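Engineer: got a structure for you, letters missing:
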């Protein structure tokens with residue numbers, strides 16, 4: 001392994017006529033490092049306070065320190081904590097001041113392995129000081145570092161209430177009060193917003209170390225928030241994100257809050273640590289933090305993360321991030337199941353890959369065609385009294401109306417709601433919640449009608465006899481529109497909640513998505529309230545489809561050739577598949593990790609389901625001889641169809657031209673309960689055929 005050079009000089013192009021030289025000095029040790037080392041050579045129980053004070057004075061004298069100085073100081077602090085049984089309050093003050101001064105030093109080096117090792121050591125040792133200090137329930141503070149040792153409270157309610165740390169800005173911890181505040185209450189005198197609030201699920205002692213920056217938390221992806229005005233910072237962040245996404249590089253991570261090292265000791269099963277952190281830089285709402293990178297959309301997001309010393313990296317595992325993306329300035333709550341160093345990271349995340357625009361255009365075109373097809377279907381069947389009086393036609397019309405409303409809501413969504421929050425309906429607003437619930441509800445209604453369609457096909461073509469249902473339309477409508485209404489209402493109120501930490505509230509919108517007024521994908525409510533009903537509907541319809549397909553395959557018609565019989569069976573099978581919405585089964589597999597297959601399935605899903613309204617028109621109208629005959633006769637383009645032999649004149653208008661009519665069932669007393677459908681469908685037996 002080649003040695004790290006003492007310094008690295010990099011020539012950076014600024015423009016066509018100017019360049020600058022960036023210099024990184026890799027000398028870990030400085031001329032003062034040896035002086036820090038000598039302070040730790042003779043630490044005893046009796047002189048520990050003196051050593052701590054000398055350490056502080058030397059740090060003040062040195063001023064700008066390097067990583068070698070940090071390592072020497074970490075070793076001295078380690079010797080103090082290993083020598084004494086407890087650290088006095090004065091020694092604690094001196095050690096905190098020392099580490100705070102070091103944090104302002106020149107700590108840049110390309111020797112990342114050594115920097116990571118030294119940083120982990122200084123953080124671990126100042127944490128030991130917090131655990132061993134005699135100053136309980138009092139904040140020991142310097143500009144860049146502060147610590148607090150919380151004694152075990154005698155009152156469990158006190159722990160449940162938590163504590164907060166009011167602070168103006170995140171840069172100077174000396175502005176903290178000497179003691180943490182209790183829960184924020186509405187009737188209290190107005191105080192500064194807390195930069196940090198903590199609430200634990202267990203009654204226990206606790207140590208808290210706060211730091212203003214990530215100097216001692218190095219990672220390969222760490223970056224400092226650019227300096228300047230708010231607009232300049234946002235512009236720089238956009239430029240960096242655009243460059244990284246354009247070059248397919250790993251995204252930089254910006255520590256955007258205080259870093260809180262929290263230790264509650266042993267953790268009971270079910271342990272939960274809730275931490276409120278106020279972001280240093282306000283990313284703004286969707287209008288401000290949405291970035292267009294070519295044909296891709298990128299969003300700057302806030303993420304709760306904990307630091308992993310072994311890998312020198314930040315991870316979001318074990319922490320749930322809660323913040324209101326419409327008003328991110330209200331702060332972030334991290335709900336974690338472990339102890340470590342916590343912070344809020346700011347990073348760019350792709351929310352729409354490039355092909356989403358193409359998919360959106362395709363969906364718009366197909367949905368427009370579907371809405372037109374559904375409009376024609378309803379308009380051409382409803383006036384045909386002889387057709388619309390059958391049970392199947394009534395159900396088909398109800399299904400078409402539900403599908404029309406759901407498709408229309410989905411189609412106009414992008415006009416009313418914009419990802420950058422510039423639409424008529426604002427993201428995360430009450431109007432957005434209503435629109436989300438309405439879309440959720442109508443798609444569930446569509447699923448219900450597909451199951452009713454499948455059930456009726458089963459009754460008419462498999463069971464045949466004993467399929468009479470009294471007041472069937474009332475029962476079907478109550479079922480289709482009544483059952484789904486529970487899901488969106490329960491979803492909104494169960495998953496839109498206020499999360500409170502020490503009196504600080506943040507609204508958690510788990511029901512609605514970040515950039516649209518629809519259910520939030522990948523969440524529990526999405527899987528339980530939308531995905532599960534979809535799966536149940538698909539499974540039920542697949543059973544109905546298999547039973548009906550068996551009838552189609554086994555039926556024969558002596559008047560048709562084998563080729564014509566096969567074509568008719570294929571047409572019937574496709575018609576049934578469309579009516580039952582079995583194309584939605586593709587949606588079940590769209591979470592397959594393989595990106596290429598995922599994209600392919602998404603296009604198949606769009607083609608089949610966005611065009612469902614057009615296919616309904618084809619099978620309900622274009623391929624329905626009864627509907628065609630009615631309108632041809634209406635306009636005088638065809639002669640009225642004579643009743644077929646074997647049927648009475650009273651039943652002829654209802655069954656003669658209906659390709660799904662079942663002759664056996666038609667002879668029953670309640671003739672409007674016979675099942676007639678759009679696509680040609682071989683009956684169960686030849687003697688029942690009406691083809």
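Structural biologist: Now that the structure is in, tell me what you want to look at. Just so you know, these numbers come straight off a predicted model, no measurement behind them. Numbers count the residues shown, from 1 in each chain.

Engineer: hey, where'd the strands end up in the stretch 201-350 of the chain?
Structural biologist: Along the stretch 201-350 of the chain, the segments classed as strands by DSSP state E, counting those that start in this stretch run 206-211, 222-223, 253-255, 259-263, 273-277, 290-293, 296-308, 313-315, 319-322, 332-336, 340-352.

Engineer: What are the buried residues along the fourth one?
Structural biologist: Buried residues in strand 259-263, defined by neighbour count with 16 or more other Cβ atoms under 10 Å: 259-263. All C-beta spots, glycine's among them, are computed from the backbone N, C-alpha and C.

Engineer: Residue 313 against residue 217, yeah?
Structural biologist: No - taking contacts as Cβ atoms under 8 Å, residue 313 lies outside contact range of residue 217: 9.6 Å.

Engineer: From residue 393, how far out is the closest residue to residue 384 other than its chain neighbours?
Structural biologist: Nearest residue to residue 384, sequence neighbours excluded (Cβ to Cβ, 6 or more residues apart in numbering): residue 630, at 4.4 Å. Applying Cβ to Cβ, to the nearest Å, the value for residue 630 to residue 393 is 11 Å.

Engineer: Comparing those two, which residue is more hemmed in?
Structural biologist: Between residue 630 and residue 393, residue 393 has the larger neighbour count (other Cβ atoms under 10 Å), namely 27 against 24.

Engineer: Any idea how many residues pack against residue 178?
Structural biologist: Around residue 178 there are 9 other residues, counting by other Cβ under 10 Å.

Engineer: Hmm, I typed the wrong one, I wanted residue 410.
Structural biologist: Residues near residue 410, counting by other Cβ under 10 Å: 19.

Engineer: mind checking how far the helix or strand harbouring it is from the chain centre?
Structural biologist: Assigned by DSSP states H and E, residue 410 belongs to helix 391-416. Centre-to-centre, helix 391-416 and its host chain are 27 Å apart (Cα atoms, centre = their mean, to the nearest Å).

Engineer: For the helix or strand following that helix, the averaged confidence score.
Structural biologist: Counting by DSSP H and E, the next helix or strand C-terminal to helix 391-416 is helix 430-458. Per-residue pLDDT over helix 430-458 has a mean of 90.

Engineer: Next, the angle helix 391-416 makes with helix 430-458.
Structural biologist: Taking axes from the mean of the first three to the mean of the last three Cα atoms, to 10 degrees, one finds helix 430-458 and helix 391-416 inclined to each other by 160 degrees.

Engineer: Check which helices and strands helix 430-458 sits against.
Structural biologist: Helices and strands touching helix 430-458, as assessed by 3 or more Cβ pairs under 8 Å, 6 or more residues apart in numbering; DSSP states H and E, comprise helix 391-416, helix 472-482, helix 486-495, helix 532-554, helix 562-580.

Engineer: next one: the shortest one to chain centre, how far?
Structural biologist: Centroid separation for helix 486-495 versus its chain: 17 Å, with Cα atoms, centre = their mean.

Engineer: if we look at it, which residues are touching it?
Structural biologist: 433, 436-438, 440-441, 444, 508, 510-511, 519, 523-525, 529-530, 533 (Cβ atoms under 8 Å, 6 or more residues apart in numbering).

Engineer: just the buried members of the residues you listed?
Structural biologist: With burial judged by 16+ other Cβ under 10 Å, the buried subset of the contacts of helix 486-495 is 433, 436-437, 440-441, 444, 508, 510-511, 519, 523, 525, 529-530, 533.

Engineer: quick one: residue 421 and residue 299 touch, right?
Structural biologist: No - counting by Cβ under 8 Å, residue 299 is not a contact partner of residue 421; they are 11.4 Å apart.

Engineer: The helix or strand that contains residue 507 to strand 273-277, inter-axis angle?
Structural biologist: Using DSSP H and E, residue 507 maps to strand 504-509. In terms of direction (the same axes, to 10 degrees), strand 504-509 departs from strand 273-277 by 100 degrees.

Engineer: Please pull out the lowest mean pLDDT helix or strand from the chain.
Structural biologist: Of all helical and strand segments in the chain, the minimum by mean pLDDT, DSSP states H and E falls on helix 663-666, at a mean of 38.

Engineer: what about residue 104, neighbour count?
Structural biologist: 15.

Engineer: nearest spatial neighbour of it, skipping sequence neighbours?
Structural biologist: Once flanking residues are discounted, residue 104 sits nearest to residue 144: 6.7 Å by Cβ to Cβ, 6+ apart.

Engineer: wait, what's in contact with residue 223?
Structural biologist: By Cβ under 8 Å, 6+ apart, the contact set of residue 223 is 240, 252-254.

Engineer: Widest-spaced pair of these?
Structural biologist: Using Cβ to Cβ, the pair of the contacts of residue 223 lying farthest apart is 240 and 253, separated by 11.5 Å.

Engineer: which one of these two has more residues nearby?
Structural biologist: Taking other Cβ under 10 Å, residue 240 and residue 253 do not tie; residue 253 has more neighbours (21 against 16).

Engineer: Across the sheet, point out what pairs with that one.
Structural biologist: On the basis of DSSP bridges, residue 253 is bridged to residue 222.

Engineer: Distance check, it against residue 301.
Structural biologist: Distance, residue 253 to residue 301, by Cβ to Cβ: 11 Å.
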